[in-house]
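Colleague: sequence and computational prediction follow.
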Amino acid sequence: MFKILFMSTSVGSLGSGQGGGVELTIQNLAQELLRRGHQLEVVAPSGSWLTDIPVTTIEGNLQVPVQTQSRDVPICLPDNSVLANMWDYARRVQHQYDLIVNFAFDWLPFYLTPFFETSIAHFISMGSMTEASDRIMHSVIRQYPGTFGVYTQAQADTFPFAQDCEILGSAIDLSLYQFNHNPEASLAWLGRIAPEKALEDAVAAVNLTGTPLKIFGKIQHPDYWSQIGRNFPDAPVEYRGFLSTEKLQQELGKCRALLMTPRWIEAFGNVAIEALACGVPIIAYRRGGPSEIVRDGKTGFLVEPDSIPGLVKAIEQIDRLERSACRQQAEAEYSLLSLGDRFETWFDKLINN
Ligand code: UDP
């Protein structure tokens, strides 16, 4: 059995939605490792919580999410940085652990890696974002081969060290998601409301088809959200807020399909497997993580990236897909059991070599 220290993202507290899919990944992985009898401590910014798992919370100011910045942005920490405070805590408790796992996509934990005596594994939750982070990551992976995990090959391919990444995928607790074979007319859009997610494309498509669209998720950029409202004043959309997993799966299950329209290379897209688990097919751009998840013509449609007519055509054909195939794919490929096996194998290699 391993003793593992999880270091969370520092752009938001766990449970806030600011961290995006990595929040769910931490919850699910921690839950599965504890079930297997490993010892685990999760360290995260103050205000954080996980379901049935204690969290050590640390005070301080949050990091600015890196995806909002340009590629040449300098390395930046706020005064009284929560990221720095969290890693100071890790330094003090490191000898109690076999392994530290970093979930923050930030320069500092990579930079600090050689200064620690306990090994650090880095789970990277986004594609390449800035020159500075690519450079520090590249230097760390040369020195510590095998220590980087990612969600998908498409994500790994954005980095100059793609071939050195362990592809670990993602998973959900399938028992929390109910299959719904009897959907209503609405489509769903789900995730952080931020420019890289290009919600406007989904709104433009339903503005043409007249299909109602329910939007779920954290409004991370209020100006961006208002602009979409001004550009499409008559679109048939309804904002339903940021929901807990329990409520989200209830609402999502009622939808005919999930629209995924990211402009960036989505590292994975946890929302895709949540939809599949509810029996909801996915209409996604053929780009990044979703293109590795969706079985085109079976559990969804992959559409030419940034093509509104492509989305419209897929919406018109959605009822051709069997919802039971979606749930089956989730059960076959995205269970916590297989995720736990992949991570356990990776941790075992790092701890025992
Ligand atoms: N989410 C949620 N409630 C909502 C909308 C979204 O809990 O109302 C969560 C969802 O479960 C998923 C995350 O937000 O885990 C979005 O993650 P994803 O991997 O799709 O994208 P990211 O934000 O990491 O780019």
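Modeller: Sure, I can see it.

Colleague: ok, and the closest non-adjacent residue to the residue sitting furthest away from the middle of the chain?
Modeller: Here the chain reaches farthest from its C-alpha mean at Asp234, the gap being 30.9 Å by CA atoms, centre = their mean. Spatially, and ignoring its direct neighbours in sequence, Asp234 is nearest to Asn207 (7.2 Å; CB to CB, 6 or more residues apart in numbering). C-beta coordinates here come from the backbone N, C-alpha and C atoms, glycine included.

Colleague: I'd say the residue farthest from the centre of the chain and Leu208 touch.
Modeller: No - assessed by CB atoms under 8 Å, Asp234 is found out of contact with Leu208, at 11.5 Å.

Colleague: got the buried residues for stretch 214-234?
Modeller: Neighbour counts over stretch 214-234 (16 or more other CB atoms under 10 Å) mark Lys214, Ile215, Phe216, Gly217, Lys218, Ile219, Gln220, His221, Trp225, Ile228 as buried.

Colleague: do the same with stretch 323-341
Modeller: Arg323, Ala325, Cys326, Arg327, Gln328, Gln329, Ala330, Tyr334, Ser335, Leu336, Leu339, Gly340.

Colleague: helices or strands up against the helix or strand the last one falls within?
Modeller: Using DSSP states H and E, Gly340 maps to helix 336-352. Here helix 336-352 is seen to pack against helix 21-35, strand 99-102, strand 120-124 when contacts are counted using 3 or more CB pairs under 8 Å, 6 or more residues apart in numbering; DSSP states H and E.

Colleague: just after the last one, pick out the following helix or strand.
Modeller: Note on strand 120-124: by DSSP H and E, the next helix or strand toward the C-terminus is helix 131-143.

Colleague: and that next one, which residues are buried?
Modeller: Ala132, Ser133, Asp134, Ile136, Met137, Val140, Ile141.

Colleague: next up, phi/psi of the nearest residue to the second one once chain neighbours are set aside, please.
Modeller: Spatial nearest neighbour of Ser133, excluding adjacent residues (CB to CB, 6+ apart): Trp107 at 5.4 Å. The phi and psi torsions at Trp107 (degrees, to the nearest 10) take the values phi -60, psi -40.

Colleague: Trp107 and Ile136 touch, don't they?
Modeller: Yes - taking contacts as CB under 8 Å, Trp107 lies within contact range of Ile136: 5.5 Å.

Colleague: what does this structure put close to the ligand?
Modeller: 17, 20-22, 24, 190-192, 216-217, 242-243, 245, 248, 268-271, 274 (CB under 6 Å from any ligand atom).

Colleague: need the helices and strands packed on helix 336-352 in JSON lines (columns: mean neighbour count, mean pLDDT and distance to Gly169).
Modeller: Converted to JSON lines, the helices and strands packed on helix 336-352 look like this (neighbours: other CB atoms under 10 Å; pLDDT from 0 to 100; distance: least, CB to CB, whole Å):
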{"stretch": "helix 21-35", "mean neighbour count": "22", "mean pLDDT": "97", "distance to Gly169": "10"}
{"stretch": "strand 99-102", "mean neighbour count": "24", "mean pLDDT": "98", "distance to Gly169": "16"}
{"stretch": "strand 120-124", "mean neighbour count": "24", "mean pLDDT": "98", "distance to Gly169": "11"}
